Structure formats: structure tokens, C-alpha cells
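Visitor: Predicted model and sequence below, questions to follow.
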There are 2 protein chains.
Amino acid sequence: MPGDPKQKIVHAAMELFALKGFNSTSISDLLSRTQHHSGSLYHFFPGKQDVLIAVLEAYREGIRPMLLEPAWKGIEDPIERIFALLRSYRGMLVETDCTYGCPIGSLALELHEPDPKVRELLAENFSAWTSAVESCLHEAGRRIPPDLDKRALAEFILTTMEGGVMQARTHRDIAYFDRNIAALRTHFDLLETRAQAHA
Amino acid sequence: MPGDPKQKIVHAAMELFALKGFNSTSISDLLSRTQHHSGSLYHFFPGKQDVLIAVLEAYREGIRPMLLEPAWKGIEDPIERIFALLRSYRGMLVETDCTYGCPIGSLALELHEPDPKVRELLAENFSAWTSAVESCLHEAGRRIPPDLDKRALAEFILTTMEGGVMQARTHRDIAYFDRNIAALRTHFDLLETRAQAHA
DNA sequence: GTCTATAAAAGGATAGAC
DNA sequence: GTCTATCCTTTTATAGAC
């Protein structure tokens, strides 16, 4: 529903939490952006925390349709799909002058003592991302050493993205992100060489 | 000066910003922890932001004496010094049940639109850390391919630490950190193999 | 330099009419 | 379901005595 007010609030919250963070986004910010009033928001959500939960659920549900499918359009090679996914984060950084990176990573580090439900949803977002990358690694077959822990490598790829985003944002310079991705590419090249050597 | 009230406030702020974040730490929190009163704090600092600046300067000045020297005690091998540094972050995570990681990384992602001075200090903290690691890489000499960009690899090591901390904190499980460090160790092993092959 | 008291504003949330 | 008005708390910051 495009006019669904609940969805509209969640959508605004996704944008504002990514842009300013959770604590720095006030209920008033959400209301003024959605042109709703507090009675409306509190009709749908018991409190601000519940808006955050809805946001994290929306991100989790959106990983495939909103993130992976656009990034993977026209790309079949499983390893190139991983780098295409990383490029989509690069695109977000470039579009926003290196201010907006991964919304999940930002929230994960902003919220130090999160509600258990919130922490669980952050973890589920990371896990779903990691699983998608892990699938690509399995599809890559013998280009990766067969004895290598694919799940661990997928987590390392998430680390590369998050660390690259963090440094690019902090230095306001996309080159930090690019050098991290280049280092990961070197890692893949070395792994592929080793996989061939053992073949 | 151990009783210096200004230092005492900065010290409390370092702890509380790391524990709860900047926005979630109130001036009252700082005052109750230091047993001072608002007149005292505002005598030394024009505002809360200036406490943050003092905190970031203290972290920057503390990198060598508080972080590197303890981590490197008794360790001479330059590559093992890098992994010893990473272990000191592991120690912080374990001591705090995976709630407290790198204070600079947390602040870097919490503060989305920081004051230019604050952003610059965050960047300086990352740069100083990266430079220290880069020095180790240069000392490692021929164990690393000579054509490899040592600065970029040092940034990739920072990325590994920050990404490992982020995932360990989010999942409340140190194994995520350990697997990231293991992946980095694999990367070093592969680089060393390549360096030998070209020798 | 440190204390008390308090101003001034912002933020989360609620009540009740419509 | 949505609007207006408002309560209550927290928070940053200031004033002025000591």
C-alpha cells in the first residue's frame, strides 16, 4: 500500500535512522517528514523502540528484493556477484558524499545496550547477508579451496564492507573503501591460486 | 595529576562514551560519576561537544603508551605485534561480554553529522593506528611482497578489527571476532607464500 | 574553582475530541 | 484513525553566591 501510514512511517524511519542515527532522530522528525501527528504514530507503535523493530524487520525482509536482486542484475558469476554487492555499498557512499553507509552497521555500533529483540534483529540482518554471500562462495566451487570455511569467509567479506564504509565515512574519502575492496580482491586471487595449486 | 578535575571528567567521559555512546551519556552521568557539579564541568568545557573533543585527543595521545606498548610488551616480531594488537581488542571484548569494542569505531558510526573538528579527530585516531601497523609491515621486510601497498594493507587490518568487533558485539559471541582474525592470518600466510615464490 | 538553584528547550508519550 | 493540546521527564546550559 503506497498510502499506508504505518509503512510511510517505517519508510521515513529507515531514511532518518540511516541519516542521523536512532537517538538523533526524534519522534517529531518522523512526524514532520510523514505529515502525520503523534496520535497517528502511537496508534501503530507503542513507542519509538517499536518503530526501530519495524525498521530492522523491513531491512531483513528487503535484503533479497531491495539489495541483492538489484545488485546482481545481469551478473551470473558467483564471485563477481559478491563484488557487485560491495559495489552497491560504494554507490550509496558516493551518492551521499561518504556520509551514508550501511544502516545496519551504524545502528549496531550506535546502540550499545539494545533491547534483546533489537539486538536479535541486528544479528539476523548480518546473518542473512552473510548467508547470501556464503551461497555465492559455495557456487564458486573449485575456485576456492574446498577445505576453506565458507561461512567464515562470508563473515570476513561483511567485515571488509563494514570496515571500508567506516573508514570512508570517517575520512570522507571513497578511496578508503576502494582500497579495502582491492585488498579483498587480492585475497580472492591468492585463494584461487592456492585452489588451483591443490587441484 | 591524579586529582585534576578536568582529567577526571575526561577519563569518565572516555569510559561512558565507550559504554553507552555519546548521545546516551548525559552531563548528569558525567557529574555523578566524577562527583563534580555542573559549574565545575562548564568551567573547563564550553559544552558537551568539547568534552568529546578532549576525549578524542586523549585517545589519540594514548595510542602508543596505553594501547601499543602494553600490547607489544615482550613481542619483537613485527607481524606478531600486529596480531598482538588485535588480541588486545579481543581482551576488551571478552572482559565486557562482547559489549565494549573499539571506542573510536563506535563513535565514528554513531556520529553521523559530526562537527568538523570531531570528524577530523576520529580520522586522526584511525590514521595513527594505521600508521603504527604500517610500520610493522615495513619492518616485516621480505615476508610481505615488496610491491604490495603497505598502507592499504594496514587499513585492511583496521577494517578486520573493526568488522570483527562489530560482529562479535552484535552476536554477543567472540567467535565472530576470532574467525575474522583467522581469515586475516590466512591472508598473511598467502602473502608470505607469494613473497617467497617471487624471491 | 566549586556549589546550589534554575532557566530554557527538546523529547517521548498520553488524553480525549472528532 | 487522525487531530490538538498538553503532561512529564530529561537534558543542556547558565546565573550567581561562596
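Guide: Thanks, I have the structure now.

Visitor: all helices for chain A, in order.
Guide: Using DSSP state H, the helices of chain A run over residues A:5-20, A:27-34, A:38-44, A:48-62, A:69-72, A:78-95, A:103-110, A:116-139, A:150-171, A:174-197.

Visitor: Out of those, flag the one nearest chain B.
Guide: Nearest to chain B, of all the helices of chain A, is helix A:150-171, at 2.6 Å by CB to the nearest CB. C-betas here are computed from N, CA, C, even on glycine.

Visitor: Which residue, neighbours along the chain excluded, lies closest to the residue nearest the centre of chain A?
Guide: Geometric centre of chain A, nearest residue: residue A:102, 4.6 Å, by CA atoms, centre = their mean. Spatial nearest neighbour of residue A:102, chain neighbours left out: residue A:165 (5.3 Å); criterion: CB to CB, 6 or more residues apart in numbering or on different chains.

Visitor: in terms of contact, does that neighbour touch residue A:90 like I think?
Guide: No: the criterion here is CB atoms under 8 Å, and residue A:165 misses it with residue A:90 at 9.0 Å.

Visitor: where does chain A have low pLDDT?
Guide: A:1-2, A:199 (pLDDT under 70).

Visitor: Single out the residue in it that lies closest to DNA strand D.
Guide: Across chain A, no residue is closer to DNA strand D than residue A:39, which sits at 1.5 Å (CB to the nearest atom of the strand).

Visitor: Measure how buried that residue is and give me the count.
Guide: Number of residues near residue A:39 (other CB atoms under 10 Å in any protein chain shown) recorded here: 8.

Visitor: And it, how far from DNA strand C?
Guide: From residue A:39 across to DNA strand C, the span is 4 Å (CB to the nearest atom of the strand, to the nearest Å).

Visitor: What of residue A:189?
Guide: Distance from residue A:189 to DNA strand C, by CB to the nearest atom of the strand: 47 Å.

Visitor: next one: residue A:130
Guide: In this view, residue A:130 and DNA strand C are 31 Å apart by CB to the nearest atom of the strand.

Visitor: what do you get for residue A:63?
Guide: Residue A:63 sits 27 Å away from DNA strand C, going by CB to the nearest atom of the strand.

Visitor: Neighbours of the closest residue to that residue other than its chain neighbours, how many?
Guide: Spatial nearest neighbour of residue A:63, chain neighbours left out: residue A:128 (5.1 Å); criterion: CB to CB, 6+ apart. By other CB under 10 Å, 17 other residues sit near residue A:128.

Visitor: for residue A:147, same thing?
Guide: For residue A:147, using other CB under 10 Å, the count is 7.

Visitor: what's near enough to touch it?
Guide: For residue A:147, the contact set (CB atoms under 8 Å, 6 or more residues apart in numbering or on different chains) is empty.

Visitor: Redo the helices of chain A as a markdown table? Include distance to residue B:79.
Guide: Formatted as a markdown table, the helices of chain A follow (distance: least, CB to CB, whole Å):
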| stretch | distance to residue B:79 |
| --- | --- |
| helix A:5-20 | 38 |
| helix A:27-34 | 48 |
| helix A:38-44 | 54 |
| helix A:48-62 | 38 |
| helix A:69-72 | 35 |
| helix A:78-95 | 27 |
| helix A:103-110 | 28 |
| helix A:116-139 | 27 |
| helix A:150-171 | 18 |
| helix A:174-197 | 16 |
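
Visitor: measure the nearest residue to residue A:115 once chain neighbours are set aside to residue A:104 for me?
Guide: The spatially closest residue to residue A:115, leaving aside those adjacent along the chain, is residue A:49, at 6.0 Å (CB to CB, 6+ apart). Per CB to CB, to the nearest Å, residue A:49 is found 17 Å from residue A:104.

Visitor: between the two, who's got more neighbours?
Guide: residue A:104 (26 against 14).

Visitor: Next up, the contacts around that one.
Guide: Contacts of residue A:104 by CB under 8 Å, 6+ apart are A:56, A:59, A:122, A:125, A:126, A:129.

Visitor: Now the fifth one: closest residue in space that isn't a chain neighbour?
Guide: In other words, residue A:126. Per CB to CB, 6+ apart, closest to residue A:126 is residue B:170, 5.9 Å.

Visitor: What is the neighbour count of the one you found?
Guide: Around residue B:170 there are 26 other residues, counting by other CB under 10 Å.

Visitor: ok, it - contacts?
Guide: Here residue B:170 is in contact with A:108, A:119, A:122, A:123, A:126, B:176 (CB under 8 Å, 6+ apart).

Visitor: now do 10 Å
Guide: A:104-105, A:107-109, A:111, A:114, A:119-127, B:98, B:176 (CB atoms under 10 Å, 6 or more residues apart in numbering or on different chains).

Visitor: Ok, residue A:103 next?
Guide: By CB under 10 Å, 6+ apart, residue A:103 lies in contact with A:14, A:15, A:17, A:18, A:19, A:21, A:55, A:56, A:59, A:92, A:125.

Visitor: now, which of these sits nearest residue B:33?
Guide: Set against residue B:33, the nearest of the contacts of residue A:103 by CB to CB is residue A:21 (23.7 Å).

Visitor: which residues touch the closest one?
Guide: A:103, A:106-107, A:109-111, B:21, B:23, B:109-113.

Visitor: ok, now residue A:46?
Guide: With CB under 10 Å, 6+ apart, residue A:46 has no contacts at all.

Visitor: How much space separates it from chain B?
Guide: 21 Å (CB to the nearest CB, to the nearest Å).

Visitor: now that residue: how far from residue A:53?
Guide: 10 Å.

Visitor: now swap in residue A:147 and tell me
Guide: 40 Å.

Visitor: likewise residue A:11?
Guide: Residue A:11 is 15 Å from residue A:53, where distance means CB to CB.

Visitor: repeat for residue A:136
Guide: 29 Å.

Visitor: tell me, how many neighbours does residue A:47 end up with?
Guide: For residue A:47, the count of nearby residues is 11 (other CB under 10 Å).

Visitor: Who are the contact partners of the nearest residue to residue A:152 once chain neighbours are set aside?
Guide: Spatially, and ignoring its direct neighbours in sequence, residue A:152 is nearest to residue B:179 (4.3 Å; CB to CB, 6+ apart). By CB under 10 Å, 6+ apart, residue B:179 lies in contact with A:149, A:151, A:152, A:153, A:154, A:155, A:156, A:159, B:164, B:167, B:168, B:173.
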